[in-house]
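A.B. asks: Coordinates for the following, if possible.
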Amino acid sequence: MRDLFHVPEGGPYLMSHSVGCLPRAARAALDACYLGPWQTTGGAAWGPWLETIEKFRAALAGLIGVAADEVAPQQSVSSALFSLLSGLRPIPKRNRVLMSEQAFPTVGYVAQGLERLGFETRLIPAAQSPGDAATWESHFDESVAAVVAMHVHSNTGVTSPLAEIAAMARRHGALSIVDAAQSAGILPVAPHAWGADAVIGSSVKWLCGGPGAAWLWLRGDLTPGIEPLDLGWFGHEDPYEFDIRSFRPAADARRFQGGSPSIAPFALALAGIKTVTALGQDRILRHNRDCIAAFAEAVDRPFDMTGRGGTLCLEFADVDRLHAVLAPGDFRYDVRGRCLRASFHAWNSPEEAKALGRAITEAQLEFRLVS
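C.D. replies: Numbers count the residues shown, from 1 in each chain. Next up is the predicted model:
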């Protein structure tokens, strides 16, 4: 599996939760889908360029088990969430956007910005676990217009009980939105099984597609009732009508596309999705768990990964010493606060996981699995 990726030189690369490795197929895809048409046809390149966008929509739809016309390419998770929430119309006593304080900050920033339109942000305190359905139930009421739940929380690896949250949202008449940025490519993303109304995500992490190729899925029957504020000619029912006085939103998810799409990011992301799909998400997840089991063996401590994503999130008592201990092995990882984040993807091996575990054990570093 490692041979399908350009893995940075040096020690183990454990940063899939941040930026996935470049697929070897990406350069050829960029040339075939973007640079080649531009070089040979100039303005006529828009034909194959837009075909690339449609191929991305189809590939993403296949990955998460939805219809392609329900998928809208986006520049970022932030733009996807803004486009969706801005299309709602808050009413008195039903204007709150509910999310955990443990959510990735960008979703909170978007919600705060939308307070200018009459929304109100309600944050569930970080001390209350977002992995517990009871936590969400205690904060739901008729004032909630939308709930945003992380599939996988980036600082803990804990998953949210998405089916339960979606059911709560339905009972209270709220829109349920899932952020799958930290899960797509390693865990199954299943909007219909969850009963979710919308899913947003990106390609830069486990999907190995680079930045700039995010996406929004919205349940098809909800689309006609949501009109985003971020308008552009590619969201028009007929982009080539060219009547400045007449904007009619597209009937499907294209209404969320806004202006002219960036092509290169989606050409690269398409190569990433094809690579991950060819390997199989199930196979990648099994390999991830094998690596984590190898790490657990090396530190002589079991880890229960039930209800967790692909990233080991370990809190260390002495972070400075942790950095010093791992430096000789040139491990590529990151630390948030006192939490080491290490992700095992297709290019990693159980031997690399054992090496990480041995370095920590031999230095007698104190740590715990973050909950």
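
A.B. asks: ok, so what distance separates Leu88 from Ile226?
C.D. replies: Leu88 sits 6 Å away from Ile226, going by C-beta to C-beta, to the nearest Å. Using the backbone N, CA and C atoms, a C-beta is placed for each residue, glycine as well.

A.B. asks: what's the answer for Asn155, then?
C.D. replies: Distance of Asn155 to Ile226, given as C-beta to C-beta: 30 Å.

A.B. asks: same check, this time on Trp136
C.D. replies: Trp136 is 23 Å from Ile226, by C-beta to C-beta.

A.B. asks: Which residue ranges of the stretch 1-150 of the chain form strands?
C.D. replies: With strands called from DSSP state E, counting those that start in this stretch, the stretch 1-150 of the chain shows them at 5-6, 22-23, 71-74, 96-100, 120-124, 144-150.

A.B. asks: Same list as before, those strands that is, but in a markdown table and with mean neighbour count and mean pLDDT included.
C.D. replies: Below are these laid out as a markdown table (neighbours: other C-beta atoms under 10 Å; pLDDT from 0 to 100):
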| stretch | mean neighbour count | mean pLDDT |
| --- | --- | --- |
| strand 5-6 | 17 | 98 |
| strand 22-23 | 22 | 98 |
| strand 71-74 | 27 | 97 |
| strand 96-100 | 25 | 98 |
| strand 120-124 | 17 | 97 |
| strand 144-150 | 26 | 98 |
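
A.B. asks: Let me know which of those is the nearest to Glu237.
C.D. replies: If you check each of those against Glu237 by C-beta to C-beta, strand 71-74 wins as the nearest, at 14.3 Å.

A.B. asks: Got phi/psi on Gly210?
C.D. replies: phi 80, psi 170 (degrees, to the nearest 10).

A.B. asks: Okay, and the nearest residue in space to it that is not next to it in sequence sits in which element?
C.D. replies: Excluding the flanking residues, the one nearest Gly210 by C-beta to C-beta, 6 or more residues apart in numbering is Leu268, at 4.7 Å. Assigned by DSSP states H and E, Leu268 belongs to helix 264-279.

A.B. asks: before we move on, back to that, quick one: the strands of the stretch 1-150 of the chain as a markdown table, columns for distance to Ala45 too.
C.D. replies: Shown next, in a markdown table, are these (distance: least, C-beta to C-beta, whole Å):
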| stretch | distance to Ala45 |
| --- | --- |
| strand 5-6 | 26 |
| strand 22-23 | 23 |
| strand 71-74 | 17 |
| strand 96-100 | 40 |
| strand 120-124 | 42 |
| strand 144-150 | 37 |
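
A.B. asks: And the nearest residue to Ala250 once chain neighbours are set aside, how far from Phe56?
C.D. replies: Nearest non-adjacent residue to Ala250, counting by C-beta to C-beta, 6+ apart: Glu237, 5.1 Å away. In this view, Glu237 and Phe56 are 21 Å apart by C-beta to C-beta.

A.B. asks: neighbour-wise, which of the two wins?
C.D. replies: Neighbour count, other C-beta atoms under 10 Å: between Glu237 and Phe56, Phe56 has more, with 27 against 14.

A.B. asks: does the more buried one really touch Gly272, like I thought?
C.D. replies: No: applying C-beta atoms under 8 Å, one finds Phe56 not in contact with Gly272, separated by 10.1 Å.

A.B. asks: Who has more neighbours out of Trp136 and Ile226?
C.D. replies: Ranked by neighbour count (other C-beta under 10 Å), Trp136 and Ile226 place Trp136 first, with 23 against 20.

A.B. asks: That one: what's it in contact with?
C.D. replies: With contacts defined as C-beta atoms under 8 Å, 6 or more residues apart in numbering, Trp136 is in contact with 98, 124, 130, 147, 149, 160-161, 164-165, 168.

A.B. asks: mind redoing it with 7 Å?
C.D. replies: If you count contacts by C-beta atoms under 7 Å, 6 or more residues apart in numbering, Trp136 has them with 165, 168.

A.B. asks: Next one: it from Glu241, what distance?
C.D. replies: Look at Trp136 and Glu241: by C-beta to C-beta, they are 44 Å apart.

A.B. asks: cool, Asp318 as well?
C.D. replies: From Asp318 over to Glu241 the distance is 64 Å, taken as C-beta to C-beta.

A.B. asks: Perfect, that will be all.
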